[in-house]
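need the 3D shape of this:
(one chain, ligands or ions: 1)
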Amino acid sequence: MIIFGTGPVRSTIQSGNFNCPQCERSVPYRHRKVTKFFSLFFIPIFPIASPMEYVECGSCNSTFIPRVLGGGSQTTAVSGTTKAVSAAEAPQEDNFMAIYEKAIRHCMVLVMLADGVIDENEKIQVQKIINKFGHNDLTMEQLEGYIEQVKTENQDVATYLRKVGPSLNDHGKDTIIKVALSVADADGHIDKSEIEMITKMSNAMDMSSSHLKRVMGEFNEKRRELAN
Ligand SMILES: [Zn+2]
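Got it, this is the predicted structure:
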């Protein structure tokens, strides 16, 4: 039997100290490179996608785009004029927001849009959950603007997570799954279709089923603690 698959291979390009936007002080970082490889018998054979880079904080574990280190890296300069301009115009806090926090906002809006209708109550719940797990507070106006933006992109949650997944570490992936579980649990119970959706999200981020089980276990334990 031939066992083949795809998986990320991570390496550290550089390390040092940086001003973490989340910790708001100087802390150690690792500049990481992730390359998705085709593997045979668990041995990486050849890369199947161009490498992605991120900066990981050694204190809070958040990951950020490489530009957080300052001095403008070459990787971002290549991404075309239109993109460079819009990134420069965007508020700094959004630019350097932890990748998992951006992903949380994006995923929650996609989950809300999945059934086609968004009511006021749903928006309030999602805003509360985003602000509970995130570092930067999101106003209702910002959330509404975000919904419009995500609508025009028109891509499903798995496609989105497959794209950002390599820039997330376990801390980021775990947080995204916990947020999704909180949203599913907002009405008091997590049903089968919600579990299916969350499983799809974890698969898109290359999480193993045992990893997902562990995160769900942690979530249920927390929930039981709060109920008592
Ligand atoms: Zn930090």
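
surely residue 123 meets residue 141?
No - using CB atoms under 8 Å as the test, residue 123 is too far from residue 141 to be in contact (11.1 Å). All C-beta atoms are positioned from the backbone trio N, CA, C, and that covers glycine.

tell me which of the two has more neighbours.
residue 123 (16 against 8; other CB atoms under 10 Å).

and the gap between that one and residue 130?
For residue 123, the distance to residue 130 (CB to CB, to the nearest Å) stands at 10 Å.

kindly export the longest helix along the chain (C-alpha atoms) in CSV.
Longest helix of the chain, by residue count under DSSP state H: helix 209-227. Extracted as CSV, the C-alpha positions of helix 209-227 are listed here (Å, rounded to 0.1, in the frame of the first residue of the first chain):
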residue,chain,number,x,y,z
SER,A,209,-9.4,14.5,13.9
SER,A,210,-7.7,13.8,17.3
HIS,A,211,-6.6,17.5,17.4
LEU,A,212,-10.2,18.6,16.8
LYS,A,213,-11.5,16.1,19.4
ARG,A,214,-9.1,17.6,22.0
VAL,A,215,-10.3,21.2,21.3
MET,A,216,-13.9,20.2,21.4
GLY,A,217,-13.3,18.4,24.7
GLU,A,218,-11.7,21.5,26.2
PHE,A,219,-14.6,23.5,25.0
ASN,A,220,-17.2,21.2,26.6
GLU,A,221,-15.3,21.1,29.9
LYS,A,222,-15.3,24.9,30.0
ARG,A,223,-19.0,24.9,29.2
ARG,A,224,-19.7,22.5,32.0
GLU,A,225,-17.6,24.5,34.5
LEU,A,226,-19.6,27.6,33.6
ALA,A,227,-22.9,25.8,34.0
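
now do the buried residues in it.
Judged by neighbour count (16 or more other CB atoms under 10 Å), helix 209-227 contains these buried residues: 211, 212, 215, 216, 219.

ramachandran angles for residue 193?
With angles defined as degrees, to the nearest 10, residue 193 sits at phi -70, psi -30.

related to what we said a few turns ago, quick one: common contacting residues for residue 123 and residue 130?
The overlap between the contact sets of residue 123 and residue 130 (CB atoms under 8 Å, 6 or more residues apart in numbering) consists of residue 143.

and the next element down the chain from the strand or helix carrying residue 163?
Assessed by DSSP states H and E, residue 163 sits inside helix 157-164. Next along the chain after helix 157-164, taking DSSP H and E as the criterion, comes helix 170-184.
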